[in-house]
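Enquirer: got a predicted structure plus its sequence, pasted below:
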Amino acid sequence: MNVFVWQIHGSYLNTLVQSFAGAQYRFYLPTKLGKPEGYGGRGPTYSWSPETVEVPAEEVRDLNLDLVVYQTEKNFFEDARDVLTSEQRALPAIYLEHNTPQGHINEMVHPIDDPGVLLVHVTHFNDLFWDCRKTPTRVIDHAVIPSIPEGSYTGELDRGVSLVNDMPRRKRVVGGDVFQRASEEVPLDLFGFNSKEVIGGFGDLPQAEIHERMRAYRFYFNPIRYTSLPLSVLEAMEIGLPVVALATTELVTVIQDGQNGFIDTNVDNLVRRMRRLLSDPVKARRIGEAGRRTIRERFGLERFVADWEAAFAEALKLREVEPCASR
């Protein structure tokens, strides 16, 4: 199957294509000079499968495609007309929605309203809160590719660590103020795009290097207020770091407070939990090991691949009974 997809949410996309490495799937990523959003191709901070192929945007119309994956409104309403033929726009399609809905609760209407397109949500929270109207939906939980051998968490640094992209611009939604508040009480470091602009920030490093460095930290702190389930949190749990996080959105279905991590909406309580982990490395390791078991049980690659194969099959069947509206 030849799948066309814009390069959006690189960490998730990298997990997807690597999960299908060696299988009968080829993923085409468009490129443009200057690498505007969606056209960055195989980004340098991730490993990509051999079946992930870059193609100049002006050559996309010559591809023999089977399915198109959209990930943003711009992909669906603008980019498609820019790079795809009318025949390619009529192909089976999946809209992969990464984001939580924004706005007032009664106005959370998804922009896609098409019974011939499969809308894939990455969390049940998103599926619950988005009003998707006539568009059929399916939820596919994240998956985590093991990056560090089991037992390699050391936790010798008496510090916590966070991984948040573009905190200076995204501010409250990603908990920039929460991170600052907590960092005044306990030692915290920060990785991620534009993180050097924040006190304690180390910048955007290659994924493998970040994971290697993270294993030495005592715990992982997720300050994000409102987002889909952050893949970085799951990756930290897979490494074996105990996670301290705000009890919001889908994360409350993953972390059981005091058992495989700590969650709360009271930041003072979270700071107390961080201090406890700093003073008790044995407890930190025990909580981290429980979190790692959670990842292996719920976010494994085998389940992820099976879910995506089912989604691809459903999208093909939908197009058979619901011809594409003129786009």
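Expert: Yep, that arrived. Since the model is a prediction, treat every value here as computed from it, not as a measurement.

Enquirer: dihedrals phi and psi, residue 97?
Expert: Torsion angles at residue 97 (phi, psi; degrees, to the nearest 10) stand at phi -100, psi 110.

Enquirer: these two touch, right, it and residue 123?
Expert: No: using CB atoms under 8 Å, residue 97 makes no contact with residue 123, being 9.6 Å away. The way it works is simple: take the backbone N, C-alpha and C, and place the C-beta from them, glycine included.

Enquirer: find the residue closest to residue 319 in space, skipping its chain neighbours.
Expert: The shortest distance from residue 319 to any non-neighbouring residue, by CB to CB, 6 or more residues apart in numbering, is to residue 92 (4.1 Å).

Enquirer: tell me where the stretch 1-150 of the chain has helices.
Expert: Secondary structure of the stretch 1-150 of the chain by DSSP state H, counting those that start in this stretch: the helices cover 10-19, 73-74, 80-83, 86-89, 124-129.

Enquirer: out of the ones you listed, flag the one nearest residue 157.
Expert: Closest approach to residue 157 among these (CB to CB): helix 10-19, 23.5 Å.

Enquirer: name the helices or strands packed onto the closest one?
Expert: Under the contact criterion of 3 or more CB pairs under 8 Å, 6 or more residues apart in numbering; DSSP states H and E, the helices and strands touching helix 10-19 comprise helix 231-239, helix 301-321.

Enquirer: now with 10 Å, please.
Expert: Where contact means 3 or more CB pairs under 10 Å, 6 or more residues apart in numbering; DSSP states H and E, helix 10-19 is packed against strand 2-5, strand 26-31, strand 52-56, strand 93-97, helix 207-214, helix 231-239, helix 301-321.

Enquirer: now do it, average pLDDT.
Expert: Helix 10-19 carries an average pLDDT of 92.

Enquirer: run the chain-centre distance for that helix.
Expert: In this view, helix 10-19 has its centroid 9 Å away from the chain centroid, taken as CA atoms, centre = their mean, to the nearest Å.

Enquirer: buried stuff in the helix or strand containing residue 180?
Expert: Residue 180 belongs to helix 176-183 when elements are defined using DSSP states H and E. By neighbour count, and taking 16 or more other CB atoms under 10 Å as the criterion, the buried residues in helix 176-183 are 176, 178-179, 182-183.

Enquirer: past it, which element shows up next along the chain?
Expert: Moving toward the C-terminus from helix 176-183, the first helix or strand encountered (DSSP H and E) is strand 188-191.

Enquirer: contacts for that next one, please.
Expert: Judged by CB atoms under 10 Å, 6 or more residues apart in numbering, the contacts made with strand 188-191 from elsewhere in the structure are 157, 159-165, 167, 176, 179-180, 182-183, 195-205, 207, 209-211, 213-214, 217, 219, 221, 223, 232, 274.
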